[in-house]
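Trainee: Return atomic coordinates for the entry below.
(2 chains)
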Amino acid sequence: MSGEEKWTRAEMLAVAGSLQVVDGDVTVVGLGLPQIAALLAQRTHAPTVRLLLEIGVFEPVPAEPAMGIADPRMWKDATAFASTLEVLGVMVHGGRVSLGLLGALQVDQWGSLNTTEVEAPDGSRRRFRGSGGSNDISSNASRTVVIMTHQSRKFSEALTFLTSPGRRIKEQTRATVGLPSQGPCAVVTDRAVIALTDAGAVLESVHPGEQPDTVLADTPIPLNVPAGGPKETPAPTATQLALIRTELDPNNWYTS
Amino acid sequence: MAAMAATAARPDRVVSLREIVADIPDGSHLALAGFAITRNAVAFAHELIRAGTRGLTVTQVFGGFETDLLAAAGAMDCLTYASGSIDRFGLLYAVNRAVLDGSLALSEYSGLALALRLHAGALGLPFVTTRSMLGSDLVAPLVATGQAAEIESPFDGAPCLALPPLHPDIAVVHVDVADRAGNAMVGGPVWSIPETARASRMVDLVAEEIVEVGELDPSRITIPGLLVHAVARVPHGGHPTAVYGHYDFDAAHLRQYAAASNAGGDALDAYLDRFVRGVATFDEYLEEVAP
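Mentor: Okay, the predicted model is just below:
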């Protein structure tokens, strides 16, 4: 917490995630906080962002919170209802998507993602959703941004399962593997913004109230620090917080 | 000789849901077409569970409530999917548990890759290629089981992944409205419904409503009746999932199911006994869940 205006960590994450969206982006969004970040961008600095949902929805403008991309509330005021082959095929694989906003269970220093399965310290396995369109988006979108909460167990140099490829895949470049785009450009968490480059991950900014050293300690991947230290992420504005609280997530499903 | 009238005879494909299920032997390869909490063929899944059908292989691009129900009832031996959840209500807990305990063999793809396998099946293509999944851990188990091959493009040498066509035995799709010949409309987004139906050797439909041939606008048909084997009318047959233009999902019921599925064991058995095995028809289930 910082300043006069108080916010939750998830609200800070939604705001920092929204700042990765550039006006005019053609964006495929995943379930959860990516959805809130994209809609916040649409209502603030990126009014012409075009959203796509892998279920086959073009350019929705949802007016009320949704339980996921299969919730018809998320499809409101769409310009076209189509198919997965049209969104993940024509738009994503066809090279027409500039930004993917994705969630993850686990991420490495190149932005490769695990959304499939994790291993507990006792060796037991837990399974989650799998890829869906995540692999297609990470493989083919011009750039992707990972949006997730910041816990040290979610950062690993050796993913339990590599669902979606990052900027390097097991020491290979994307071009060598056969992937067309640069891939992930940032991991945005509720504590920091980590830029992903071909030279590795960089702690670009920490959120207001966070100490760079403690963030670094909780991020167990190779992480470079810029000369002069990381910047401070801009604090949420009153406008952004009001939008989240009154329109995008009034029931606190995502940002409590 | 009298001229033939300018109206063709159209086969009547209307049957009961029970007749559709009776035609599905143990061990069939089913293709399902629901997506998480939307347009699941729930009435069909209930009837299949009541019939005691076992040993199914299920292909579904985006698994959902219906997939988890079949896993909960132990009806599935193999599942091919790209992902599965019941959106924010939870994960496919029964599916995930069965995968981890080894009772359910899982083949996993990206959403596009599996849709492309069905597309190849639909068109009779020898195989289809993609850049998706390259470099990921999804590839090795598929290559090892003959479900994918890493190749170079014969045109420019670029690395790509070749995927064989997929031909499920029977697709079951929940549609808005069909005519008596099986020409069917699906409103809203259609995700992988078109290629899921077209790849399958047989297509069965569950429809909210059935009308006479000629009443539907041909330009709005999602699945042509010529591909359809049978259609059964079950109003509200997607409950508790949403059917766009007809009804919303039932949040309270999905929460109740998610809790039972997550708990597993007796809690999940009690759910199935009360809502699936303990009722004779889907109408009885709808009475049971009505507030």
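
Trainee: how much space between the residue located most distally from the centre of chain A and residue A:198?
Mentor: Residue farthest from the centre of chain A, counting by Cα atoms, centre = their mean, is residue A:122 at 28.8 Å. Plainly put, residue A:122 is 37 Å away from residue A:198 if you go by Cβ to Cβ, to the nearest Å. C-betas here are computed from N, CA, C, even on glycine.

Trainee: Same check on residue B:50?
Mentor: The gap separating residue B:50 from residue A:198 is 57 Å, by Cβ to Cβ.

Trainee: Which one's more surrounded, those two?
Mentor: Comparing residue B:50 with residue A:198 by other Cβ atoms under 10 Å in any protein chain shown, the one with more neighbours is residue B:50, at 18 against 11.

Trainee: Report how many residues lie close to the residue nearest to residue B:85 when sequence neighbours are not counted.
Mentor: Distances taken as Cβ to Cβ, 6 or more residues apart in numbering or on different chains put residue A:129 closest to residue B:85, at 4.8 Å, once the chain neighbours are dropped. Residue A:129 has 24 neighbours, counted by other Cβ under 10 Å.

Trainee: So is stretch A:247-254 next to chain B?
Mentor: Yes. Contact between stretch A:247-254 and chain B, assessed by Cβ under 8 Å from any Cβ of the partner chain, occurs at residue A:253.

Trainee: Disregarding residues adjacent in the polypeptide, which is nearest to the spatially most central residue of chain B?
Mentor: Nearest to the geometric centre of chain B sits residue B:32, at 1.1 Å (Cα atoms, centre = their mean). Spatial nearest neighbour of residue B:32, excluding adjacent residues (Cβ to Cβ, 6+ apart): residue B:60 at 4.2 Å.

Trainee: give me the element the one you found is part of.
Mentor: strand B:56-63 (DSSP states H and E).

Trainee: partners of that strand in the sheet?
Mentor: strand B:29-32 (parallel), strand B:76-84 (parallel) (DSSP bridges).

Trainee: between the helix or strand following the first one and strand B:56-63, how big is the angle?
Mentor: The helix or strand immediately downstream of strand B:29-32 is helix B:42-51, counting by DSSP H and E. On the basis of axes from the mean of the first three to the mean of the last three Cα atoms, to 10 degrees, helix B:42-51 is oriented at 160 degrees to strand B:56-63.

Trainee: what about helix B:42-51 and chain A, touching?
Mentor: No. Helix B:42-51 lies apart from chain A when judged by Cβ under 8 Å from any Cβ; the minimum separation is 14.0 Å.

Trainee: Outside of that helix itself, list whatever touches it.
Mentor: Residues outside helix B:42-51 that contact it (Cβ atoms under 8 Å, 6 or more residues apart in numbering or on different chains): B:17-18, B:20-22, B:24, B:65-66, B:69-70, B:73, B:75, B:172, B:174, B:204, B:206, B:234, B:237-241, B:272, B:275-277, B:279-280, B:282, B:285.

Trainee: Just the buried residues out of these, in PyMOL syntax.
Mentor: To isolate the buried ones among the contacts of helix B:42-51 in PyMOL, judged by 16 or more other Cβ atoms under 10 Å in any protein chain shown, type:
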select buried, chain B and resi 17+20+21+24+65+66+69+70+73+75+172+174+204+206+234+237+238+239+240+241+272+275+276+279+282+285
